[in-house]
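Enquirer: give the three-dimensional model of this entry:
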Amino acid sequence: MKITKITQSIEKLLITNKLFLKTLIAFYKPVVKKEVMVANINNSDTILFVGGGSAPCSGILLNELTGANVKIIDNDYNSVVNAQKIIYKYNLKGLTVECCDGKDADYSKYSIIHLALQIDSKQKIVDKIISSSNAKVLVRIPKENVMNIYDHFDYEKYKINNFVEHNNLLNIGKTLAYEK
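Expert: Numbers count the residues shown, from 1 in each chain. Coordinates of the predicted model:
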């Protein structure tokens, strides 16, 4: 998907500069704070973040804001290597990054599963999570005006337990929370 490639290119630039990375993390912080509150995430949760990219800001913030261990996966090997460099360079604890396609992941051992906005095959991934896990699932969906540049996702297929709206410059419109 085109938006995924664009996001990867921007993130690769950001990881080379600490100021840019800190700026991006600050930009995501209000979004992740709302997500933590809507899902009632705490340090006893085990979190899997799908689609972390080269600069896994949301995964970093989930760990920072809750104290929970966060595993970040991405299906792009170069993005995973870049994310691992950030975690090592800044000595971030409670975070791991692994190369894995969301369609192939084992979701059974997580209490929170969070899907990035730009991931491909979002519908297939959510279908697999719902059928194989009891986790709370957070799914970012785009704002209406940019929906056509993202992978299709039928967000009404499953019962939405809660959601939070985002009013910022990012393309994230809402984060939906599903749970069995």
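
Enquirer: just the strands in this structure please.
Expert: In the chain, the strands defined using DSSP state E lie at 46-50, 69-74, 95-99, 112-115, 136-142, 162-165, 172-178.

Enquirer: I'd like these laid out as a markdown table, including mean neighbour count.
Expert: For the C-beta atoms, the positions are set from N, CA and C on the backbone; glycine is no exception. Below are the strands of the chain laid out as a markdown table (neighbours: other C-beta atoms under 10 Å):
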| stretch | mean neighbour count |
| --- | --- |
| strand 46-50 | 24 |
| strand 69-74 | 24 |
| strand 95-99 | 18 |
| strand 112-115 | 25 |
| strand 136-142 | 24 |
| strand 162-165 | 15 |
| strand 172-178 | 21 |
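
Enquirer: reformat the ones you listed as CSV; add distance to Lys18 and mean pLDDT.
Expert: Compiled in CSV, the strands of the chain are given as follows (distance: least, C-beta to C-beta, whole Å; pLDDT from 0 to 100):
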stretch, distance to Lys18, mean pLDDT
strand 46-50, 21, 98
strand 69-74, 19, 98
strand 95-99, 17, 98
strand 112-115, 25, 98
strand 136-142, 26, 97
strand 162-165, 29, 96
strand 172-178, 24, 96
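
Enquirer: need those strands in TSV (columns: distance to Ile87).
Expert: Listed next are these as TSV, based on distance: least, C-beta to C-beta, whole Å:
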stretch	distance to Ile87
strand 46-50	13
strand 69-74	9
strand 95-99	5
strand 112-115	17
strand 136-142	21
strand 162-165	27
strand 172-178	23
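
Enquirer: what number of residues lie near His152?
Expert: When neighbours are counted by other C-beta atoms under 10 Å, His152 registers 9.

Enquirer: residues contacting Tyr158?
Expert: 126, 130, 178 (C-beta atoms under 8 Å, 6 or more residues apart in numbering).

Enquirer: ok, so of those, who is nearest Lys109?
Expert: Using C-beta to C-beta, Ile130 is the member of the contacts of Tyr158 that lies nearest Lys109, at 15.8 Å.

Enquirer: pretty sure the closest one contacts Tyr178?
Expert: Yes - counting by C-beta atoms under 8 Å, Tyr178 is a contact partner of Ile130 at 6.9 Å.

Enquirer: by mean pLDDT, point me to the weakest helix or strand of this structure.
Expert: Lowest on mean pLDDT, DSSP states H and E among the helices and strands of the chain sits helix 2-14, with a mean of 60.

Enquirer: which one is the spatially most central residue of the chain nearest to, not counting chain neighbours?
Expert: Nearest residue to the geometric centre of the chain (C-alpha atoms, centre = their mean): Ala116, 3.5 Å. The shortest distance from Ala116 to any non-neighbouring residue, by C-beta to C-beta, 6 or more residues apart in numbering, is to Gly51 (3.2 Å).
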